[in-house]
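S.K.: no sequence on hand, only this structure:
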């Protein structure tokens, strides 16, 4: 029958792939195969999962897995804790094209990375520093992946991670190039940034945050009107060097506080779906990574998902779509999912004294006037204050 033929072909392919690596001098292959046997990753014909090929890179080795008929990628994922314990290093399951691969890291992250400003290429758009991988510093271009989330349980290092992002932005972009909008819904995380030259708006109140979403929508629409035939903010700024639009980096600290306002997420989701071209980029954080904390209408537009330690496997899947965060036991260490590519990383450490030293340089001068566009009366030629160079 057709079913029987399919099984025979599948088994034959499985056996052929297995034979490809018989002569490869890598003892890790035997150890991985032994782990599959120990975890009983086999089908009804007693065929076990096994390594069929490997690819050696500078900081990791990829081992392609042949999975017997009847088993799935989840069966391989369930082996990762045993693999990490055996090899005393990080491992993950990756789907590369049509292959299932175990990525086993061969180098370690440093014990500590101390924060220092990381310079970026501004010609490419708004770029942020996300920490340190085995390959070096992680710089993410928000023109490509415009929005990000940071998830981690209490004590996981989320505050330090966010402070490193903000301090690097302050040190690399002027107040004419970048505006910060800070919804500090935890109440005490972003106080150091509320009176800076870069800071357009800061609040600790949920209702003011919800009210401000409509202002962000108006601003995005105004920016689209200014863009005209230009593709995005980068092309507009290159053509208008004397009248540039500034980037907006919008932080929503602790999304759990907005959970009762799910309907307002529809507006936020609409803004996020179009904000990239207008140079408006969102960072959403939470320490309670339940599946509904950041509704899908907004989360679907988050292509960089940063995960720190979580309390359970399910929370890890909610945060970055794979297990692994529940096994992390060091603050500042995590896994980020960048458009389906997984990166182990460690955040830089920044002290409160260092944050104060950096933010002090950019505090508003005494006597400067700041207009809150939410509280201002509407005007016939309504313009928000945080757009064109020199508006502040």
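M.R.: Right, received. Where do you want to start? Quick caveat: nothing in here was measured; it's all calculated off a predicted structure.
S.K.: how about the nearest residue to residue 275, chain neighbours excluded?
M.R.: Spatially, and ignoring its direct neighbours in sequence, residue 275 is nearest to residue 220 (5.9 Å; CB to CB, 6 or more residues apart in numbering). Using the backbone N, CA and C atoms, a C-beta is placed for each residue, glycine as well.
S.K.: got the buried residues for the helix or strand containing that neighbour?
M.R.: Applying DSSP states H and E as the criterion places residue 220 in helix 206-227. Residues of helix 206-227 classed as buried by neighbour count (16 or more other CB atoms under 10 Å): 206, 208-210, 212-213, 215-217, 219-220, 222-223, 227.
S.K.: now find how far off-centre that helix is within its chain.
M.R.: When distances are taken as CA atoms, centre = their mean, to the nearest Å, helix 206-227 is centred 23 Å away from the chain's centroid.
S.K.: stretch 188-207 - what's its average pLDDT?
M.R.: Summarised as a single mean, pLDDT over stretch 188-207 is 95.
S.K.: again, but for stretch 306-317
M.R.: Stretch 306-317 shows a mean pLDDT of 93.
S.K.: kindly report the same for stretch 112-125.
M.R.: 93.
S.K.: look at it and report the distance between its end residues.
M.R.: 29 Å (CA to CA, to the nearest Å).
S.K.: buried ones in it, by neighbour count?
M.R.: For stretch 112-125, burial by neighbour count (16+ other CB under 10 Å) applies to 113, 115, 118, 120, 122, 125.
S.K.: return the closest of those with respect to residue 89.
M.R.: Among the buried residues of stretch 112-125, residue 113 lies closest to residue 89 (CB to CB), at 18.2 Å.
S.K.: separation between that closest one and residue 132?
M.R.: According to CB to CB, to the nearest Å, residue 113 and residue 132 sit 5 Å apart.
S.K.: and residue 226, by the same measure?
M.R.: Going from residue 226 to residue 132 by CB to CB gives 37 Å.
S.K.: still on that earlier bit, return the member of the buried residues of helix 206-227 nearest to residue 70.
M.R.: Of all these, residue 70 sits closest to residue 213, with 48.8 Å by CB to CB.
S.K.: quick check, that closest one in contact with residue 270.
M.R.: No. Between residue 213 and residue 270 there is no contact under CB atoms under 8 Å: 9.5 Å.
S.K.: what is the neighbour count of residue 291?
M.R.: Using other CB atoms under 10 Å, residue 291 is surrounded by 12 other residues.
S.K.: who's in contact with it?
M.R.: Shown in contact with residue 291 (CB atoms under 8 Å, 6 or more residues apart in numbering): residue 318.
S.K.: mind redoing it with 10 Å?
M.R.: Counting by CB atoms under 10 Å, 6 or more residues apart in numbering, residue 291 touches 299, 314-315, 317-318.
S.K.: kindly confirm my reading that it is in a helix.
M.R.: No. If the criterion is DSSP: H, G, I helix; E, B strand; the rest coil, then residue 291 is coil and not within a helix.
S.K.: any idea how far it is from residue 48?
M.R.: Computed with CB to CB, the distance linking residue 291 and residue 48 is 34 Å.
S.K.: with residue 30 instead?
M.R.: Residue 30 is 13 Å from residue 48, by CB to CB.
S.K.: may I ask you to confirm that residue 214 is in contact with residue 266?
M.R.: No. Applying CB atoms under 10 Å as the test, residue 214 and residue 266 come out as separate, 12.0 Å apart.
S.K.: that older thread, joint contacts of residue 113 and residue 132?
M.R.: With contacts taken as CB under 10 Å, 6+ apart, residue 113 and residue 132 have 332, 345-348 as neighbours in common.
S.K.: neighbour-wise, give me the winner out of those.
M.R.: residue 347 (29 neighbours).
S.K.: out of residue 30 and residue 48, which sits in the busier spot?
M.R.: Taking other CB under 10 Å, residue 30 and residue 48 do not tie; residue 48 has more neighbours (19 against 10).
S.K.: enumerate every residue touching that one.
M.R.: Taking CB under 10 Å, 6+ apart as the contact definition, residue 48 lies against 14, 18, 33-34, 36-37, 39-42, 66-68, 71.
S.K.: so which bits of stretch 172-187 are buried?
M.R.: Residues 172-173, 175, 177-186 are the ones in stretch 172-187 that count as buried (16+ other CB under 10 Å).
S.K.: among the residues you listed, which lie within helices?
M.R.: Among the buried residues of stretch 172-187, DSSP state H puts residue 172 in helices.
S.K.: pLDDT below threshold where in the stretch 251-392 of the chain?
M.R.: The stretch 251-392 of the chain contains residues with pLDDT under 70 at 366-392.
S.K.: so what touches the one helix or strand residue 140 maps to?
M.R.: When elements are defined using DSSP H and E, residue 140 is found to belong to strand 136-141. The contact list for strand 136-141 (CB under 10 Å, 6+ apart) reads 59, 113, 116, 118-121, 124-132, 146, 148, 165, 168, 303-304, 306, 336, 338, 343, 345-348.
S.K.: done for today, thanks.
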